[in-house]
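Enquirer: Here's a sequence, model it:
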Amino acid sequence: MALSADSHDRSLWSATCEEPAPPAPPFGGEAEVDAAVIGGGITGCSAALSLAEAGARVAVLEARGIGWGASGRNGGQVIPGVKLDPSELAARFGEERGVALARAVGGAADAVFDRAERHQIRCAPVRAGWIQAAHAPAALPRVLRRAEEWRAMGAPVEVLDADALARRTGAVGYCGGWRDGRAGTLHPLAYVRGLARAARGAGAALHGGSPVVRLSRRDGRWLLETANGGRLRARAVVAGTDGYTDALVDGLRRTLLLVQSIQVATAPLPPAARAAVLPGGECVSETRRLAFYFRRSPDGRVVFGGRGAVGEAESPALFAALSSALGRTLPAVAGLPVEHRWSGQVALTLDGLPRVHEPEPGLFVGLGYNGRGVAMATLMGAWLAARLHAGTEAPLPVSRVAPIPWHAARKPVIAAGIALAWARDRMGRAA
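Expert: Numbering: from 1, shown residues only. Presented below is the predicted three-dimensional model:
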């Protein structure tokens, strides 16, 4: 049975990446830095770039290769904001802080596209917007309220009725939605490799094949020990492991629900399908509890994703169901061969919000992006770097590491929910 961990090399992104993997030899021996970064994904590479540009001595320790995890396997949708609307952020954190947080996360796509341009990252950035489609009449009022809230904050918003949405996407079955012009798409593996290249150019050391097996604090400094015998001392540590978080920081993994996001990519679209499916280049996601999302790839395919299995093993049945849903959703693509299938782990939090943790002095953690990792992880890396280097408080308040009480029973509970959602989809019922 195929494992999700092995699917990185099967992805469309691995097959089409124009940014070469940056040199990242395994870390051995001993060294001392100002900041050690655990994880070579978007969070870690964004933090390393910000720190190196500020003049800090930085080393990145990645267990596998740069962009190997969710950062190099996601759908490449660059969506600003978080799962909560501006009014919900204000209700949770108070008017002043909630509005400030909404403005900060509303600029997350700007951070991505600015970095891609400034560092000339060959990641095919396209800022054509994101469409959120209502899958059922009951979902439409909330979608329209969300659009109006962001419009009131100055976002370029366009409301779409069912006919307009069908013309813009080529999809069937949606009741309407909205388009956020701040958003866009890119090649995710190329983007994270480009961030790493830029960080290395600014002076950061990159090390792949260097899993950190022990993290301890001695004499006011951190000691990171790797599986191959390396010992790295650092004044401070940034942990950016998200969907690949392990037991290195006590209790951290138990704060997250880890599930697979699975994706398929078709053969390149023929001319008629190119004219029908996303002719304007937007990306799309919908409002089901376990939503589908889709976009055009830089080489003219449809990339279509949804929720997969729980655990390490991929589910052939769920990949088959995803391919079937692709044909139902986008009739112009039905019958077109699927040429790539892959998966990656997504880290979910119970309330849909990312987390900033500082469990010990000098240890900075950011994770829990709930499927919006390209934009939010870029921002989070910059936030953690500013906190470490300049003492700047992040717009998202620091929270304690609080494990989910029923975490030990998570796999059967989540698997049952996913199976039910897929069954309802096959029966044509709203989830």
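Enquirer: From now on I want contacts and neighbour counts done on CA atoms only, so please keep to that.
Expert: Will do.
Enquirer: Helices of the protein, start to end?
Expert: 12-16, 42-53, 86-93, 95-106, 108-118, 140-152, 162-169, 188-201, 271-276, 316-329, 373-390, 410-426 (DSSP state H).
Enquirer: Tell me which of these sits most buried.
Expert: Of all those, helix 42-53 has the most neighbours on average by mean count of other C-alpha atoms under 10 Å, namely a mean of 29.
Enquirer: can you list contacts of that helix?
Expert: Residues outside helix 42-53 that contact it (C-alpha atoms under 8 Å, 6 or more residues apart in numbering): 35, 37-39, 57-60, 67, 71, 192, 195-196, 198-200, 202-204, 238-241, 366, 374, 377-386, 389.
Enquirer: switch the cut-off to 7 Å
Expert: For helix 42-53, the surrounding residues in contact (C-alpha atoms under 7 Å, 6 or more residues apart in numbering) are 37-38, 58, 71, 192, 195-196, 198-199, 202-204, 240, 377-378, 380-382, 384-385, 389.
Enquirer: between that helix and helix 188-201, what angle do the directions make?
Expert: On the basis of axes from the mean of the first three to the mean of the last three C-alpha atoms, to 10 degrees, helix 42-53 is oriented at 20 degrees to helix 188-201.
Enquirer: For helix 42-53, the averaged confidence score.
Expert: Averaged over helix 42-53, pLDDT sits at 98.
Enquirer: now it and helix 108-118, what's the angle there?
Expert: Helix 42-53 and helix 108-118 are oriented at 60 degrees to each other (the same axes, to 10 degrees).
Enquirer: Helix 42-53 relative to helix 373-390, how many degrees between them?
Expert: Using the same axes, to 10 degrees: helix 42-53 against helix 373-390 is 40 degrees.
Enquirer: any idea how far residue 219 is from residue 240?
Expert: Look at residue 240 and residue 219: by C-alpha to C-alpha, to the nearest Å, they are 24 Å apart.
Enquirer: and what of residue 246?
Expert: 25 Å.
Enquirer: ditto for residue 152
Expert: Per C-alpha to C-alpha, residue 152 is found 51 Å from residue 219.
Enquirer: now swap in residue 86 and tell me
Expert: Distance, residue 86 to residue 219, by C-alpha to C-alpha: 43 Å.
Enquirer: try residue 131
Expert: Using C-alpha to C-alpha, one obtains 52 Å as the distance from residue 131 to residue 219.
Enquirer: where does the stretch 1-150 of the chain have low pLDDT?
Expert: The stretch 1-150 of the chain contains residues with pLDDT under 70 at 1.
Enquirer: sorry, back to before: want to throw the helices of the chain into a markdown table with distance to residue 296?
Expert: Putting the helices of the chain into a markdown table (distance: least, C-alpha to C-alpha, whole Å) gives the following:
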| stretch | distance to residue 296 |
| --- | --- |
| helix 12-16 | 12 |
| helix 42-53 | 22 |
| helix 86-93 | 29 |
| helix 95-106 | 23 |
| helix 108-118 | 18 |
| helix 140-152 | 23 |
| helix 162-169 | 10 |
| helix 188-201 | 13 |
| helix 271-276 | 9 |
| helix 316-329 | 13 |
| helix 373-390 | 17 |
| helix 410-426 | 23 |
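Enquirer: Please identify which of those is closest to residue 27.
Expert: Among these, the nearest to residue 27 by C-alpha to C-alpha is helix 188-201 (14.8 Å).
Enquirer: Could I get the CA-only coordinates of that closest one as PDB?
Expert: Extracted in PDB, the C-alpha atoms of helix 188-201 (Å, rounded to 0.1, in the frame of the first residue of the first chain):
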ATOM      1  CA  PRO A 188       4.400  25.600  -4.200                       C
ATOM      2  CA  LEU A 189       7.500  23.500  -4.400                       C
ATOM      3  CA  ALA A 190       9.300  26.100  -6.500                       C
ATOM      4  CA  TYR A 191       8.200  28.800  -4.000                       C
ATOM      5  CA  VAL A 192       9.600  27.100  -0.900                       C
ATOM      6  CA  ARG A 193      12.800  26.200  -2.700                       C
ATOM      7  CA  GLY A 194      13.100  29.800  -3.900                       C
ATOM      8  CA  LEU A 195      12.700  31.100  -0.300                       C
ATOM      9  CA  ALA A 196      15.400  28.700   0.800                       C
ATOM     10  CA  ARG A 197      17.700  29.800  -2.000                       C
ATOM     11  CA  ALA A 198      17.100  33.400  -1.000                       C
ATOM     12  CA  ALA A 199      17.800  32.600   2.700                       C
ATOM     13  CA  ARG A 200      21.000  30.800   1.800                       C
ATOM     14  CA  GLY A 201      22.000  33.800  -0.300                       C
END
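Enquirer: What mean pLDDT does it get?
Expert: Here the average pLDDT along helix 188-201 is 98.
Enquirer: Summarise which helices and strands it is packed against.
Expert: If you count contacts as 3 or more C-alpha pairs under 7 Å, 6 or more residues apart in numbering; DSSP states H and E, helix 188-201 packs onto helix 42-53.
Enquirer: Pull the helix it packs on out as PDB, backbone CA atoms only.
Expert: Presented in PDB, the C-alpha positions along helix 42-53 are these (Å, rounded to 0.1, in the frame of the first residue of the first chain):
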ATOM      1  CA  ILE A  42       7.500  27.600   4.100                       C
ATOM      2  CA  THR A  43       7.400  28.700   7.800                       C
ATOM      3  CA  GLY A  44      11.000  27.700   8.400                       C
ATOM      4  CA  CYS A  45      12.400  29.100   5.200                       C
ATOM      5  CA  SER A  46      10.400  32.400   5.500                       C
ATOM      6  CA  ALA A  47      11.700  32.800   9.100                       C
ATOM      7  CA  ALA A  48      15.300  31.900   8.000                       C
ATOM      8  CA  LEU A  49      15.100  34.500   5.200                       C
ATOM      9  CA  SER A  50      13.800  37.200   7.500                       C
ATOM     10  CA  LEU A  51      16.400  36.400  10.200                       C
ATOM     11  CA  ALA A  52      19.300  36.200   7.800                       C
ATOM     12  CA  GLU A  53      18.300  39.500   6.100                       C
END
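Enquirer: Cheers, nothing more for now.
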